[in-house]
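Asker: got a predicted model here, sequence first, then my questions.
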Amino acid sequence: MKSLKKISLILLLLPSVLWASVAIQNTPVLGGIAVIDFESNHPNPKAFYHTTPLYVQHIKNNRWQVLIGIPLLEKLGKKSVTIQGFTTQTLDFEVKTHTYKEQRITLKGKKKKYVNPNLAHTKRINKERPILSKARTTFSTQSLSKGIFTRPVDGITTSPFGLKRFYNGEARRPHTGLDYAGATGTPIKAPAAGRVILIGEYFFNGKTIFLDHGQGLISAYIHLNKHLVKQGQSVKQGEIIGEIGQSGRSTGPHLHWSVYLNRTAINPNLLLGQQ
């Protein structure tokens, strides 16, 4: 019986270290995640990239790990993070290049407004921008999720992360998420435990949900047909939060899933243990 209890205890403890030891690999490329191990006797060390707080997780004893989301447009080369505990440490890492493909999209009819918005649309966009920015930059000190992420839907990936996008021949920002194909009304599941920090309908995004997973780890669900959660609601991994749709700048029903780490859009596949 004692050995069974020990095994059960080990299994209960596994999720808190599974993310660090299995799912998240050091991928210090544009749009990737730099993973740096460090030692500290402090019970709650803090880490910063420039002045931006970072995700820190405890591994074992005095071993810790910091995760740094790298912007798609970051300059290549040597970078550093600052660790604050009983003493201050500086840890270096190097950002490397990564080549992403191009995608050309044609918007017709009423959807053309998303290429060249008129004055009224521009006013709406400017009004919505700080609301969405606030959600992306949320930093709650508590880790709200543990373990690896799961996929929010089962559809095939129609647009991978990092695509250089052209709408009606005009260059736009790189694709900052994953697009999954799916019929309108397909349920969307929370990939990890979290808290709903934003629900709304926006010009480009359409119906949108943002989840806070703690320490600057944020996920967003865009172009929805319906919201099925409320502002401030806590959700569990696998809980249905919405439905696939084609609201906003979308040529057909699909889910656009974005993940932000330290205010930076990263490749969601890296949280699924994929490249």
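Answerer: All right, it came through fine. None of the values given here were measured: they were computed from a predicted structure.
Asker: what about the helices in the stretch 101-250 of the chain?
Answerer: If DSSP state H, counting those that start in this stretch is used as the criterion, the helices of the stretch 101-250 of the chain fall at 119-136.
Asker: in it, which segments are predicted with low confidence?
Answerer: Scanning the stretch 101-250 of the chain for pLDDT under 70 picks out 103-115, 147, 165-172.
Asker: apply 80 and report the result again.
Answerer: By pLDDT under 80, the low-scoring segments of the stretch 101-250 of the chain are 101-117, 144-147, 164-173.
Asker: quick check: angle from the top strand by length along the chain to helix 119-136?
Answerer: Identified as the longest strand of the chain according to DSSP state E is strand 217-227. Strand 217-227 and helix 119-136 are oriented at 130 degrees to each other (axes from the mean of the first three to the mean of the last three Cα atoms, to 10 degrees).
Asker: got the CA positions of strand 217-227 in PDB?
Answerer: What follows is strand 217-227 as a C-alpha-only set of coordinates in PDB (Å, rounded to 0.1, in the frame of the first residue of the first chain):
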ATOM      1  CA  LEU A 217       0.800  33.600 -20.800                       C
ATOM      2  CA  ILE A 218      -2.300  34.600 -22.800                       C
ATOM      3  CA  SER A 219      -4.300  32.800 -25.500                       C
ATOM      4  CA  ALA A 220      -6.800  34.300 -27.900                       C
ATOM      5  CA  TYR A 221      -9.700  32.800 -30.000                       C
ATOM      6  CA  ILE A 222     -10.700  34.800 -33.000                       C
ATOM      7  CA  HIS A 223     -13.500  34.900 -35.700                       C
ATOM      8  CA  LEU A 224     -15.900  33.100 -33.500                       C
ATOM      9  CA  ASN A 225     -19.600  32.400 -34.100                       C
ATOM     10  CA  LYS A 226     -20.500  32.400 -30.400                       C
ATOM     11  CA  HIS A 227     -19.000  33.100 -27.000                       C
END
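Asker: list the buried residues in that strand.
Answerer: Neighbour-count burial for strand 217-227, counted by 16 or more other Cβ atoms under 10 Å, picks out 217-225, 227. Using the backbone N, CA and C atoms, a C-beta is placed for each residue, glycine as well.
Asker: make a markdown table out of the residues you listed and add distance to residue 243.
Answerer: Formatted as a markdown table, the buried residues of strand 217-227 follow (distance: Cβ to Cβ, whole Å):
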| residue | distance to residue 243 |
| --- | --- |
| 217 | 24 |
| 218 | 21 |
| 219 | 16 |
| 220 | 15 |
| 221 | 10 |
| 222 | 13 |
| 223 | 11 |
| 224 | 6 |
| 225 | 4 |
| 227 | 8 |
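Asker: quick check, nearest of those residues to residue 189?
Answerer: residue 221 (10.0 Å; Cβ to Cβ).
Asker: need the contact list for the residue lying closest to the closest one once chain neighbours are set aside.
Answerer: Closest residue to residue 221 apart from its sequence neighbours, by Cβ to Cβ, 6 or more residues apart in numbering: residue 209 at 4.5 Å. Going by Cβ atoms under 8 Å, 6 or more residues apart in numbering, residue 209 touches 196, 198-199, 220-221, 224, 227, 229, 241-242.
Asker: and residue 209, how far from residue 228?
Answerer: When distance is defined by Cβ to Cβ, to the nearest Å, residue 209 is 9 Å away from residue 228.
Asker: overlap in contacts, these two.
Answerer: Joint contacts of residue 209 and residue 228 (Cβ under 8 Å, 6+ apart) are 241-242.
Asker: can I see the domain layout of this protein?
Answerer: With domains defined by the TED database, the chain comprises 32-95, 102-271.
Asker: what about the spatially closest residue to residue 102 that is not a sequence neighbour, distance to residue 158?
Answerer: Closest residue in space to residue 102, ignoring its immediate chain neighbours: residue 164 at 4.6 Å, by Cβ to Cβ, 6+ apart. Residue 164 is 16 Å from residue 158, where distance means Cβ to Cβ.
Asker: same check on residue 54?
Answerer: Separation of residue 54 from residue 158 (Cβ to Cβ): 32 Å.
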